[in-house]
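Participant: need a 3D model of the following:
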Amino acid sequence: MTQTLTALLDKARHTSELTYEELLQLLSLPDEQIPELMAAADEVRQNTVGNQVHLRGIIEFSNYCRQHCCYCGLRADHSTASRYRLTPEQIIDTAAAAAKTGYRTLVLQSGEDPLIPAETIAELTREIKKLDVAVTLSCGERSYDVYRLWREAGADRYLIKQETADPALYKCIRPGHTLQERLQCQKWLKELGYQLGSGCMIGIPGQTVEILARDLQLMKEMNTDMSGMGPFIPHPQTPLKSGTTGSISMTLKMLAAARLYMPWLLLPATTALASLHPKGRELALRAGANVIMPNVTPEHVRSMYQIYPGKLNTRDSMTDYYNRIKDIVESEGRTLATDFGHSMHPAFQL
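Facilitator: Residues are numbered from 1 along each chain as shown. Sure thing, here's the model as predicted:
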């Protein structure tokens, strides 16, 4: 039997033990009830993880990729894409400038570039750790031994989104791969002591609200530390080019439900949402988000890392971008965090 929204949100404020049916109810709310859901999530956010917003500066160091994901503009089949690969010196210089600007976490992100040796990424990690920052890697599916190499080099976190909790849909959007393989990578990462970043696209063709509810359950089952959830934006050079852009309202419902269901989450206000709505980051912060991931990639290549078109802030200087984000955070009555922003999961220990 469906609860009243007031009763369900009252339960969510006091316990995160929501059932699948309750998650489904939250994700099925009509638009006029979304503000009430967001207010509850924001209250839980304030009471559990506080008012600080953690910045993660992303360095997109290569847009070469060997994969054929149907939603991604970096896919190997995109033969007309302008490709680039930053040198180790460019990456280190960018990381040093970002650390000087004020970033306490840096994210090294790339496609699955077959020509960058694993040891090169390990050495980059060692050098960047000398800047007194936390390091997140996001370099796709790798072997256990490679993940171990990078962890021993000092990597703190790894971002590898589940994309979808539905095995059949997963096979459709990532040809030649299975959800089981993806989750095995996540299990290895947790075993090695990484803080795990997962997440899903919202609005991918073939997705249902039932799948989204299962996405939340799967992230909780995997002891996810951070969850990046943004709207699907179709790229014209992919098989899903005719898909419909993901819903802003559903994105806000997913963010709010995630905060209620996993109160400890590091929850980003994604660039994808900000690319679709002029107040996208502000809305996400009001729905329980407490992370923003500005792009600090060198300006001359930043626009070439085009997972989706219309990406925001591809021409801003690093300092201007940082100050703009700081203004957004402060306008929402929040403050920028000055610590590393490590996991707040109850089971996490440094």
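Participant: the residue minimising distance to the centre of the chain: which element?
Facilitator: In the chain, the centroid-proximal residue (CA atoms, centre = their mean) is Gly228; its distance is 2.6 Å. With elements taken from DSSP states H and E, the one containing Gly228 is strand 226-231.
Participant: thinking again about what came up before, report the beta-bridge partners for the residue nearest to the centre of the chain.
Facilitator: Counting by DSSP bridges, Gly228 is bridged to Gly199.
Participant: was I right about it contacting Leu196?
Facilitator: No: with contact taken as CB atoms under 8 Å, Gly228 and Leu196 are classed as non-touching, separated by 11.4 Å. (Each C-beta comes from the backbone N, C-alpha and C, glycine too.)
Participant: next, the nearest residue to Asn51 once chain neighbours are set aside: phi, psi?
Facilitator: Nearest in space to Asn51, with sequence neighbours left out and distances taken as CB to CB, 6 or more residues apart in numbering, is Arg334 at 5.1 Å. When quoted as degrees, to the nearest 10, the phi and psi of Arg334 stand at phi -110, psi 170.
Participant: gap between Arg334 and Ala269?
Facilitator: According to CB to CB, to the nearest Å, Arg334 and Ala269 sit 11 Å apart.
Participant: thinking again about what came up before, list the contacts of the residue nearest to Asn51.
Facilitator: Contacts here follow CB atoms under 8 Å, 6 or more residues apart in numbering; on that basis Arg334 touches Asn51, Gln52, Val53, Leu285.
Participant: how about those residues in a markdown table, adding distance to Lys161 and pLDDT?
Facilitator: A markdown table is the format used below for the contacts of Arg334 (distance: CB to CB, whole Å; pLDDT from 0 to 100):
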| residue | distance to Lys161 | pLDDT |
| --- | --- | --- |
| Asn51 | 27 | 98 |
| Gln52 | 24 | 98 |
| Val53 | 21 | 98 |
| Leu285 | 21 | 98 |
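Participant: what subset of the residues you listed is buried?
Facilitator: Neighbour-count burial (16 or more other CB atoms under 10 Å) is assigned, among the contacts of Arg334, to Val53, Leu285.
Participant: among the contacts of Arg334, name the ones in strands.
Facilitator: Among these, the subset assigned to strands under DSSP state E consists of Gln52, Val53.
Participant: that older thread, shared neighbours, Arg334 and Ala269?
Facilitator: Leu285.
Participant: stretch 65-78 spans what distance, first to last residue?
Facilitator: With CA to CA, to the nearest Å as the measure, stretch 65-78 spans 10 Å from end to end.
Participant: what's the span of stretch 251-271, first residue to last?
Facilitator: 12 Å.
Participant: what residues of it count as buried?
Facilitator: Using 16+ other CB under 10 Å, the residues of stretch 251-271 that count as buried are 251-271.
Participant: again, but for stretch 236-252
Facilitator: Residues Gln237, Thr238, Pro239, Leu240, Gly243, Gly246, Ser247, Ile248, Met250, Thr251, Leu252 are the ones in stretch 236-252 that count as buried (16+ other CB under 10 Å).
Participant: give me the element the nearest residue to the third one once chain neighbours are set aside is part of.
Facilitator: Closest residue to Pro239 in three dimensions, ignoring its sequence neighbours and counting by CB to CB, 6+ apart: Cys70, at 4.3 Å. Using DSSP H and E, Cys70 maps to neither a helix nor a strand.
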